[in-house]
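Undergrad: Fold the following for me, if possible:
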Amino acid sequence: MGDESNSGAATAQQKELDVILKGVDMSDEMRSHACACARAAFQEHTVEKNIAEYIKKEFDAKYGQSWHCIVGRNFGTRIDLVLPSSSCA
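TA: Numbering: from 1, shown residues only. The predicted model follows:
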């Protein structure tokens with residue numbers, strides 16, 4: 001018995017998964033893909049590390065490498081992207 005097994009109750013609960021996106025800077029198509037990936041990952045896996053790996057690999061395959069995905073509970077994070085300025089001082 002591995003840690004990835006799903007019981008019937010867990011599978012039914014996962015099918016009702018609502019995806020909530022917060023602070024998103026993506027196109028509508030990319031947001032839809034992110035939601036679909038998240039739903040598929042939660043249906044296929046139960047371990048947070050494996051869910052994150054699934055989503056990351058899906059995004060790497062579709063949008064190119066270097067995506068990061070964090071799945072977990074009770075943590076906070078902040079990531080800022082600073083673009084280079086086009087003006088000269």
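Undergrad: For residue 61, give me the pLDDT.
TA: pLDDT for residue 61: 97.
Undergrad: what do you get for residue 16?
TA: 65.
Undergrad: Quick check: mean pLDDT of stretch 41-57?
TA: 96.
Undergrad: Please compute how far that stretch lies from its chain's middle.
TA: Put simply, stretch 41-57 sits 8 Å off its chain's centre (CA atoms, centre = their mean, to the nearest Å).
Undergrad: Just the buried residues of it, please?
TA: Using 16 or more other CB atoms under 10 Å as the test for burial, stretch 41-57 gives 41, 42, 45, 46, 51, 52, 54, 55, 56. No exception for glycine: its C-beta is placed from N, CA and C like everyone else's.
Undergrad: Restricted to helices, list those.
TA: Taking DSSP state H, the ones among the buried residues of stretch 41-57 that sit in helices are 41, 42, 51, 52, 54, 55, 56.
Undergrad: mind giving me JSON lines with the buried residues of stretch 41-57 and columns for distance to residue 27?
TA: JSON lines is the format used below for the buried residues of stretch 41-57 (distance: CB to CB, whole Å):
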{"residue": "41", "distance to residue 27": "20"}
{"residue": "42", "distance to residue 27": "23"}
{"residue": "45", "distance to residue 27": "26"}
{"residue": "46", "distance to residue 27": "30"}
{"residue": "51", "distance to residue 27": "23"}
{"residue": "52", "distance to residue 27": "22"}
{"residue": "54", "distance to residue 27": "21"}
{"residue": "55", "distance to residue 27": "17"}
{"residue": "56", "distance to residue 27": "19"}
